[in-house]
Structures are given as C-alpha cells and as structure tokens.
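*Asks:* Sequence and predicted structure below; questions after.
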Amino acid sequence: MDVEEQKFLLDLSTSLQLYDDPHDLLQAALRLVGEYFGADRCSLLEIDVDAQTGIGRSGFIWVKNAPASAERMPAARLDLSGANLAPALRGETIQVQDCETDASVAQGQRDYCSRYGVRGYMSIPLLRGGRFVALLNISSATPRQWTERESQLAKRVTERVWPAFAATRAHQELASSEARLSGIIGSAMDAIISANETGQIVVFNSAAERVFGVQARTVMGAPLSTFLSTHFRSEGGAPTMRAFSGSHRDVGRAGELSGVRSDGTEFPAEASISRVVLGTGALSTVVMRDLTERRSLEAQLLHAQKMEAVGQLAGGVAHDFNNILTVIRSYADFIRESLEIGDPRRADIEEVLAASDRAAALTRQLLSFSRANVLQPRVLNIGDVVSGVEPMLRRLIGEEIAFAVSLHPSRMAVRADLGQLEQVVLNLAVNARDAMPGGGTLTIETDAISLSAEDIAVPQGEAEAPLRDARAGDYVVIRVVDSGMGMQPATLRRIFEPFFTTKADGHGTGLGLATVYGITSQSGGHLRVRSKPNEGSTFEVFLPRLRDVDTGEHLPITEGGSVDGTGTILLVDDEVAVRRSVRRMLERAGYTVLEARHGADALLVWREHSGEIDLLLTDMRMPELGGVELVSLLRAEKAQLPVISMSGYPPEDADPDHIFATNSHTHFLSKPFKTDTLLNIIERMLHQS
C-alpha cells in the first residue's frame, strides 16, 4: 500500500468519525470513494439473503456531478442466481470490464447497466459470520480494467465503511428508542423509578416528581429506600426490597405499600416491580400509583352511604315524630279554643304550640340535611327569618363570642323555604363560631343591594370567592361577618365542595357550606365570600328581592274564623291517636267523618258510603294498602274525588312516582299541621269541586 492509498484511507476513517447520522456518513464516504477511484457511480447496498434471493433493504448511491452527494436507493429484489453475482455469496469480489460484452453478466444486470449508463463495475461483498450483509459497487460509464490493487483497496474501504455505517445506525436507532421510551415514561401518569443493583436511582419520571415533590436531577444516585416508609425498609417490606436486589421470584405485582414524599409525609400507593438483567448489571423498575385520591373518594363514598342510611333512618323517625306532633298540636289547639281570651293558661298553651312548631321545623331541617328535601317556597320577610333563629344562635355560639344582629329597617321580601333559609343562617353562624376557637365577634346583617352587570363582571381577587352566574338586579343580602382565623386562597377556592373540610378528623363532615351552597342555588340565589388569613371572613347570601309584596299576606293563618263545614270526609290513617285528633278537628267544624284504619279498611267503607263521601283525607304510608294505591282505586270510580294526602314524610318520599303532583284535585299536607290550615284547604277543595 503506497502513501497515497494510506492517506486516502486515513481521510476516509477521519470522515467516518465526524457524523452521527448514518445517511450523512454514507454521503461523505461514497463521495470520497467515488472521487478517489475516478468512478461515475458509487453505491452501498445492505443485503438480506434468503436462499438464492437477495433483498436490498436499504442503500445509498453517489453519482458524479449529481446535485446531491448521495441519494437513498429504494429497496429492491436482486437476482443472485446469475453467474456474475454468485461469487458474491462466497465473499469474492466481482470485476466486470464491460457489461455489454461480458458473457457472465446476467440479462437483468445487463439491463440495469444499460438503463443507468454503466459499462464497467466492481462489486465488493461483505460477509459477517458467513452471511452476505453488504455490497459496495464502484461503477464506470466506460469500459474499465480493474486492477488487483484497486480490488484490495476496495475491500479495505468496505471493511471500514460498513461497520461505521452499521454502528452509527445502531446508535441512532438506540437514541430514537430511548427517546420514545423517555417520552412514554415522561408522559405516564404513574410514578416510574428505576434503580441499579445497588439500589441507586437512575430513572425518575415527571409523575414521580409530582408525586414525591422533588426534581429528578436532585435524586439521581440517591437510594430508592428514601421514598419508601420505614416499614418497607424493615422486615415488613422485605419482599419489596428483595425485588430490587434479588430473585426474580419476588418480581411482579408488589401490592400496596407506603411512599414517602419529600416533606416526610407518607401516602398509600399501589406498586408493581420489574427486573431486567443487562450487560452492565441488573435494572429494577417500580411503577407506583398514588392512591391518596382513590382513598379519599372511597372515604367520601363510605360517608355518603352512611349519610344515606342516616337519611333513611331520619325519614322514618321524622314520620313517627311528625305523627306525634300532629296529635300534640291538635289537642293543644282544642285546649286553646276552650279558653277565654285573657285566660293566663292560654299563654301556657301558646308556648306548647310554639314548641311544636319549632319541633316541626327541626324535623324539616333533618330531612333537608339528610335527604335533599323538596323546597316549599313562600314569601318571607328576611328580617323575620333572622330574628326567628336569633335565640337559637345565641345558645349555639356561646358566651365567649360577641354576637350582634343588625337588620335593615325595611321589610324586604324573598321567596324561599323557611326551614331551608333558617338552615343557611344556622350553618353560616356555626361555621363562623368554629373559626373563632379563642373567641371573637360575630355579626349577622341584612341589607338591600342592586347589582349591575359591571359589578358582577369585576374580576375577583384571591381573597374572594366570586358571585357565580349572578344576574343584574335587586337582591336581599344576609351577611355573616366573623373575626376568626380567615382562609388561605387555596381553601377559599374549595369551601363549597362537598366533604371538603379543614377541621380535624371527627370534627366536621364537610357538608355544612355545601348545604348552604345547594339551598342558596335552589332558591335562585348566589354566594360571595371574602376572607384573608388572620383577618376574618365575610359570607354574603344574595337572594332575589320581591317588590310590592306584603309578606304578611302570605304567612299561614294561625287563628282564622270558624268554618261552617258541610259534607262527608273519609279519614284514613293507621295511627289511632292521629285519627282521633283529626276526627275531632273535622267534627268540631261541622263535617261528617267516616274513619278507616288503612287502605283495605277504607275500601270497605267506600263500598257502603261511596255516594255520600265528598273528600278523602288519607295518610300515604300504611300497612296492607297505602294511600297511593287507595287513591288510584277510588279515582277509578270517581275521577274528580278531592283528595288530601297527609304524611310525616316529605312529598317526594310519600309519593315517589309523583302520581298526584299535577292533579288539581289533590293537595299534599305535611304533618304536623295546624287546624285552621287543614280546614281552609278542605273548604277550598270542596268549593272547587
């Protein structure tokens, strides 16, 4: 090998080291080879041999004076059965001086030469392990006599170019594979951590950064045990730790374990472990799924199920309690009516009646809290609502908190459910009390405000929970102001979420403010909250204001004039005491009463007196035959029969299918009820019929 050849090979080797892309590498190499050999075309083709067939899987070609240094050749099937290519299978160099006259050139190869203007060519095969892997072609547009020296040099070129190309391509494919793997790992929602044989972290994905609260660059090389609880570092977690350093039998689903965040807090996690042995050692990978949110949702579901059970129990208790209150109120009414105006005993009876009203309100609140009770809105004076609950609030709040009520001088009307609105005020006051464990001041105010579109559109700061979906207009405002600990912006954004609470376990359900939000929204109102840490909180309830309404006209009649009742009423109730008290109400008003213990008994009475009965007054839930079924049977015979359905359950429970909700000849009456309320409804319904 002379100096010129040595310099060429040195330049070639140097050039092969400059490129990371295999295409760029072959462009440079083929150009150098083509120019040095004085060729018109130079190509390198990768060969995959199967029996007598070669498939060009990838190739590049350099053409003298062409715009591109080297172009990618399309994959092509080569016929290796021809005598001219057969030696290549044995690793022998093929030299053709003139393909037009050389008899050893197969017709297919001759056609190829003719198509591309090739006359003489030299093909140098490369074998690896006895397998044909590549073919370097150096071609001339004129007939050419190839020397043995050129053949040997071409072999040296092939021995250098192909390995460099294969290595560069493998490196590129590896980099591409690593990039894909990194993308997959990086986009995974679960934490993925890999550790080497000594337990040092070598992979820490983005999800792991979020879960553990630390950046990957700060934990590389740190022991994996840093992120496992002490239980799993000790004997209790031995199987998990062995999976990172021992037998493949410990590899697989590891079940649940406790992870440790960067701040030291532990959290439940589900993990699976894989282990692979590489040339540089074993690599173990753990995929961890943070179960904190799942555990929270499971706890919320369990709590909701408990609340549903409590609600079902509360409904049954409320029904029985309302039956008792119906009797108490009825006989208290009887006693009051028997006493002269001015009789001192009359005041005692009024206290009994007031207590029964408060008890009835408590049962409504219980049903509202536990069973999403249907609202019974009516026109209310907001000042009367706040004044009505003030005595209860003073007992609840305690003496260590200074409590004040400031009412707007005007009578301001809203349409809402009285019991529900009292619940809103009660919940807000209790929430304020709990925010002042060391004492403070609590003020409840009522106000009238007109909101414009501009007022609603004003951006709210981090210290405010803004009005949501409010419309411009006139509003009545209940404002609850405390001097308590206040709230952080993150807490402020979540205060109306069900089950969200900042109180210690066992000291709050997280439903108080969620109930406030639900009732306010159902009433067509809106909420706004202002709060800063250590500066107290202000809750404002905005309810649409009713104009030109006399609130007194819409309150239930407490003592009306005597009702001169005429007609026959079928009274059905399975509670003996209720039947007795209601029968007495009706008979004192002049009505004829037919009594039945339940639906089946009522059918017997109906068969004997159907022509006399003017109205059906029935409980809804009874043994043997309930009120819904009874009404359906009687209405089949008398479609316009007036019906008053009474129940200690809320309407949606007493009549779950809403069979009578849209019937103008049916009225629902909640127990307990006032005598005058019942008599007025009966008189109106009989008059309409």
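*Replies:* Arrived safely. Please read these numbers as outputs of a predicted model, since none were measured by experiment.
*Asks:* Flag the shaky bits of the stretch 151-300 of the chain, pLDDT-wise.
*Replies:* Along the stretch 151-300 of the chain, the model assigns pLDDT under 70 to residues 231-254.
*Asks:* Swap in 80 and give it another go.
*Replies:* Along the stretch 151-300 of the chain, segments meeting pLDDT under 80 span 230-255, 278-281, 296, 299-300.
*Asks:* Also the stretch 501-650 of the chain?
*Replies:* Within the stretch 501-650 of the chain, the stretches with pLDDT under 80 are 501-512, 514-515, 518, 522, 547-565, 648-650.
*Asks:* all helices in it, in order from the N-terminus.
*Replies:* 512-522, 576-588, 599-609, 627-637 (DSSP state H, counting those that start in this stretch).
*Asks:* do the stretch 151-300 of the chain as well
*Replies:* 206-212, 230-233, 238-242, 292-338.
*Asks:* Please save the CA atoms from the first one in PDB.
*Replies:* Going back to what we said before, that points to helix 206-212. Output in PDB follows, covering the C-alpha atoms of helix 206-212 (Å, rounded to 0.1, in the frame of the first residue of the first chain):
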ATOM      1  CA  SER A 206     -42.200  13.600  35.700                       C
ATOM      2  CA  ALA A 207     -45.000  11.800  37.500                       C
ATOM      3  CA  ALA A 208     -42.600  10.800  40.200                       C
ATOM      4  CA  GLU A 209     -41.600  14.400  40.600                       C
ATOM      5  CA  ARG A 210     -45.200  15.400  41.100                       C
ATOM      6  CA  VAL A 211     -45.900  12.500  43.500                       C
ATOM      7  CA  PHE A 212     -42.900  12.900  45.700                       C
END
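*Asks:* which secondary structure elements does it contact?
*Replies:* Packing partners of helix 206-212 (3 or more CB pairs under 8 Å, 6 or more residues apart in numbering; DSSP states H and E): strand 191-195, strand 252-260, strand 281-290. Glycine gets a C-beta too; all of them are placed from N, C-alpha and C.
*Asks:* let's see it at 7 Å
*Replies:* If you count contacts as 3 or more CB pairs under 7 Å, 6 or more residues apart in numbering; DSSP states H and E, helix 206-212 packs onto strand 191-195.
*Asks:* Okay, angle between the strand it packs on and strand 281-290 too, please.
*Replies:* Taking axes from the mean of the first three to the mean of the last three CA atoms, to 10 degrees, one finds strand 191-195 and strand 281-290 inclined to each other by 160 degrees.
*Asks:* For L353, pull up the helix or strand it's in.
*Replies:* helix 344-371 (DSSP states H and E).
*Asks:* model confidence over that helix, on average?
*Replies:* Mean per-residue pLDDT for helix 344-371: 76.
*Asks:* And the strands in the stretch 451-600 of the chain, which stretches?
*Replies:* 464-465, 473-482, 526-531, 537-544, 568-572, 592-596 (DSSP state E, counting those that start in this stretch).
*Asks:* if I look at the nearest residue to A470 once chain neighbours are set aside, how far off is G486?
*Replies:* If the residues on either side of it in the chain are set aside, A470 comes closest to H526, at 4.4 Å by CB to CB, 6 or more residues apart in numbering. Distance, H526 to G486, by CB to CB, to the nearest Å: 22 Å.
*Asks:* what about these two, which has more around it?
*Replies:* Here H526 and G486 are compared on neighbour count by other CB atoms under 10 Å; more neighbours surround H526, at 22 against 18.
*Asks:* give me the beta-bridge partners of the more buried one?
*Replies:* F542 (DSSP bridges).
*Asks:* thought it was touching R471?
*Replies:* No - taking CB atoms under 7 Å as the definition, H526 is not a contact partner of R471, at 8.7 Å.
*Asks:* just to revisit the earlier point, G626: which of the strands of the stretch 451-600 of the chain is closest?
*Replies:* Nearest of the strands of the stretch 451-600 of the chain to G626, taken as CB to CB: strand 568-572 at 10.0 Å.
*Asks:* does I273 really touch S284, like I thought?
*Replies:* Yes - applying CB under 7 Å, one finds I273 in contact with S284, separated by 6.4 Å.
*Asks:* and those two? which has more neighbours close in?
*Replies:* S284 (22 against 19).
*Asks:* The more buried one and L228, how far apart?
*Replies:* 13 Å.
*Asks:* A191 now?
*Replies:* 12 Å.
*Asks:* And for E100?
*Replies:* In terms of CB to CB, E100 sits 77 Å off from L228.
*Asks:* So which of these two has more stuff around it?
*Replies:* Taking neighbours as other CB under 10 Å, E100 and L228 compare with L228 leading, 24 against 13.
*Asks:* The more buried one reaches V260, doesn't it?
*Replies:* Yes - assessed by CB under 7 Å, L228 is found in contact with V260 at 6.5 Å.
*Asks:* excluding its backbone neighbours, what's nearest D474?
*Replies:* R545 (4.3 Å).
*Asks:* Name all residues that make contact with that neighbour.
*Replies:* 412-414, 448, 474-476 (CB atoms under 7 Å, 6 or more residues apart in numbering).
*Asks:* Recalculate using a threshold of 6 Å.
*Replies:* Applying CB atoms under 6 Å, 6 or more residues apart in numbering to R545 gives the contacts 474-476.
*Asks:* List buried members of the residues you listed by neighbour count.
*Replies:* Neighbour-count burial (16 or more other CB atoms under 10 Å) is assigned, among the contacts of R545, to 475-476.
*Asks:* Just name the closest of the contacts of R545 to D21, please.
*Replies:* Y475 (69.7 Å).
*Asks:* Which strand residues bridge the closest one?
*Replies:* Beta-bridge partners, per DSSP bridges, of Y475: I449, P544.
*Asks:* pretty sure it is touching V541, no?
*Replies:* No - with contacts defined as CB atoms under 6 Å, Y475 does not count as touching V541, sitting 9.2 Å away.
*Asks:* what's the overlap in contacts for these two?
*Replies:* When contacts are counted by CB under 6 Å, 6+ apart, Y475 and V541 have no shared neighbour.
*Asks:* picking up where we left off before, let's have the helices of the stretch 151-300 of the chain in CSV, adding mean neighbour count and distance to S610.
*Replies:* Below are the helices of the stretch 151-300 of the chain laid out as CSV (neighbours: other CB atoms under 10 Å; distance: least, CB to CB, whole Å):
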stretch, mean neighbour count, distance to S610
helix 206-212, 20, 73
helix 230-233, 16, 76
helix 238-242, 16, 78
helix 292-338, 16, 27
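*Asks:* quick one: F403 is in a helix?
*Replies:* No - under DSSP: H, G, I helix; E, B strand; the rest coil, F403 sits outside any helix and is assigned strand.
*Asks:* where does it sit relative to D482, distance-wise?
*Replies:* From F403 over to D482 (counting by CB to CB), the distance is 10 Å.
*Asks:* Same check on G117?
*Replies:* G117 is 95 Å from D482, by CB to CB.
*Asks:* cool, E575 as well?
*Replies:* E575 is 45 Å from D482, by CB to CB.
*Asks:* Which of the two has more residues huddled nearby?
*Replies:* The neighbour comparison of E575 against D482 (other CB under 10 Å) goes to D482, with 25 against 20.
*Asks:* Identify the bridge partners of that one.
*Replies:* L442, S537.
*Asks:* hang on, isn't it packed against L442?
*Replies:* Yes - using CB under 6 Å, D482 is in contact with L442, at 5.1 Å.
*Asks:* Need the overlap of contacts for those two.
*Replies:* A432.
*Asks:* Residues touching stretch 201-215, excluding its own?
*Replies:* Against stretch 201-215 from outside (CB under 6 Å, 6+ apart): 185-186, 188-196, 216, 219-220, 222, 224, 227, 261-262, 290.
*Asks:* Distance from the chain centre to that stretch, please.
*Replies:* With CA atoms, centre = their mean, to the nearest Å as the basis, stretch 201-215 stands 23 Å off its chain's centre.
*Asks:* Likewise for stretch 273-290?
*Replies:* On CA atoms, centre = their mean, the centre of stretch 273-290 falls 32 Å from the chain's centre.
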